[in-house]
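Student: no FASTA, just this:
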């Protein structure tokens, strides 16, 4: 079989360099795995939705590289991004006698990627892993930057590691089976890169939103590549999130509160982030950082992408108070002070504190 | 208060340099913590044995650096080095609103150090931590090298991270409350450095075993410093254990089988390692790598240190088979092949495979 055509985004980090390959037909081609060292065993970690579609195809494509290939099927959904599910990966690794050279394959969306990555980081203090993201959100977001982890009942992504994969395969064909709602949720993270880093990308998406929503591979290839490039540029400057990297969390402070407040799994992550971006943009507006036109454009584009732009009520009585309470759990908060990623209208973003009264005003204005 | 006198062992690693301070009276001196940045909060993690002895003293010594200081008391023992106990640390961090600048203090032996280190590595993907080892074993072993983690029902230390502390304080006064059995167990790891790296240290211990067993601070300071220096030299060359670092596991392949076979917590780690070193030395002897005199010296010294030199029976019938089964879980095994750290009599060690028949012979000869 000839190797399929693909583009690559190189990722350069302090302790590891790797490549993201972006193209169609990558999953099935044994050439996609040429640069991975042979080992006694591999473990494919996937979920109940993805397994029947793609697990046997991956197993076939890598069959010559490993003596034993095990497959572990996890339940599907953010509500399973927990220790008990993570422990199923450790159980499988130990029950199958997997060693330090065993390669883990994360075949699925962000939840599978985050959990498999954390398992790879922690099993015997680190084994190699390959990411094959099957959702648009995972292709543009989780495939760069090495953030892995699980949720804790008191907070999202509170337990994890920075850990880089050997490589990432973004096969655009896999997006054909993605439900429309999840495609939209992925577009939220794509649109995010506009206001924080690249207004030309925002223009481009406005002109191609129809093709993107229709799953056009060329349009998707463009936004996946550009999103990975931007994220790689940011992460390359600040791998451990001591400063700049936090801008990638635009919309996430409000978004995490929505996810936690509703219970994980009710809204998709991208939906919560879409709504959170509108709220963060409104907060930027009220602080005089950005003009109303960009906030309007962003809100309109998210709506066209099929995403929610008004927040849910999280409490019967003091709704804003509940949001604030949940946001104090955010990893960016310091000494109890809330901090947000705010935009300036010139494709830049920064983490800043904001007066609580103003945050309340934004929540009241943006929620149903 | 004047700063107490202490010696330091500098640790140089790829991503972080830090110092081990070795002296008497370090715990109580605020100067010991001068180089740690102030933060909103700190969490002291300790255990039920250590807390009543030292937790309030640490809290007092660091009281000016943090607005809030929380203390978490874990149950004491290797059998609690598990996920549910680790999760108590995450619960405490989240319930107290601890953020990315929160400093964790590991005040206890190896179990507290390993779990607190792994919690620090994983909480919000990494927060700072300080180690104050209260056992000899932790001072000479866990304080260098950044190995953190927990046990899994199917294997010891199977889940963890390489993560370095901000600093390590080895206060020799803390060893005064250490039970004799644990002092002996710590000496096992000290004696280990002889055959693998420094025969002069072996001579020195033979000449000072009485002072060491009596808890003489000067004698203890000497072996703590020398052990940390040797370990730092090894770890500095191979932080992630791709090669040389594995020699520090001399005696640990057999030792881990003993611990797992008896159930964690029955034998102390150092006791299992002592016995494991005798078995690994016997295996080295049978492979013609070392002469009988060194094996005899090592065995005699371990006995004088109050340590077991004969292995327990782990199965009624095929005892050696049970050892082999447990050892296949070892992190050094590759593709099912057993590998051991073997010594050569010239203060060098290396990881090598060994014929199974010979390993059986050693187990049969060395067990009760």
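Tutor: Noted; the coordinates are in hand. This one's a predicted model, so the numbers in the text were calculated from it and none came from an experiment.

Student: quick one, what contacts residue A:81?
Tutor: For residue A:81, the residues meeting the contact criterion (C-beta atoms under 8 Å, 6 or more residues apart in numbering or on different chains) are A:111, A:114, A:115, A:150, A:151, A:264. All C-beta atoms are positioned from the backbone trio N, CA, C, and that covers glycine.

Student: now, which of those residues sits nearest chain B?
Tutor: Nearest to chain B out of these is residue A:150 (C-beta to the nearest C-beta; 9.2 Å).

Student: list the contacts for residue A:266?
Tutor: residue A:259.

Student: Please repeat the previous calculation with a cut-off of 10 Å.
Tutor: The contact partners of residue A:266, taken as C-beta atoms under 10 Å, 6 or more residues apart in numbering or on different chains, are A:78, A:79, A:258, A:259, A:272, A:312.

Student: part of a helix, is the third one?
Tutor: Yes. The assignment for residue A:258 is a helix, going by DSSP: H, G, I helix; E, B strand; the rest coil.

Student: Give the burial count for it, as a bare number.
Tutor: In terms of burial, residue A:258 registers 25 neighbours under the definition other C-beta atoms under 10 Å in any protein chain shown.

Student: these two touch, right, residue A:344 and residue A:199?
Tutor: No. Contact status for residue A:344 versus residue A:199: not in contact, 11.3 Å apart, counting by C-beta atoms under 10 Å.

Student: what is in contact with the two at once?
Tutor: Common neighbours of residue A:344 and residue A:199 (C-beta under 10 Å, 6+ apart) are residue A:294.

Student: Quick check: beta-bridge partners of residue A:343?
Tutor: Applying DSSP bridges to residue A:343 yields these beta-bridge partners: residue A:349.

Student: if I read this right, it contacts residue A:196, doesn't it?
Tutor: Yes. Here residue A:343 reaches residue A:196: they are 6.2 Å apart, a contact under C-beta under 10 Å.

Student: Which of these two has more residues huddled nearby?
Tutor: Residue environment comparison for residue A:343 versus residue A:196 gives the larger neighbour count to residue A:343, 27 against 24, counting by other C-beta under 10 Å.

Student: Distance check, that one against chain B.
Tutor: Residue A:343 is 23 Å from chain B, where distance means C-beta to the nearest C-beta, to the nearest Å.

Student: mind listing what that residue touches?
Tutor: Residues in contact with residue A:343 (C-beta under 10 Å, 6+ apart) are A:194-197, A:247, A:250-251, A:277, A:280-281, A:283-285, A:289-290, A:294-295, A:298, A:349-350.

Student: For the nearest residue to residue A:13 once chain neighbours are set aside, give me the pLDDT.
Tutor: Closest residue to residue A:13 in three dimensions, ignoring its sequence neighbours and counting by C-beta to C-beta, 6 or more residues apart in numbering or on different chains: residue A:239, at 5.4 Å. pLDDT, the model's per-residue confidence, is 76 for residue A:239.

Student: Next: the one 5 residues further on.
Tutor: Residue A:244 carries a pLDDT score of 85 in this model.

Student: That one: what's it in contact with?
Tutor: Listed by C-beta under 10 Å, 6+ apart, the contact partners of residue A:244 are A:233, A:234, A:235, A:236, A:237, A:238, A:349, A:350, A:351.

Student: Inside strands: which ones of those residues?
Tutor: Taking DSSP state E as the definition of strands, these contribute A:349, A:350, A:351.

Student: okay, now the second one: neighbour count?
Tutor: Each residue near residue A:350 was counted by other C-beta under 10 Å, and the total is 17.

Student: same thing with the first one?
Tutor: Here the number of neighbours of residue A:349 (other C-beta under 10 Å) works out to 26.
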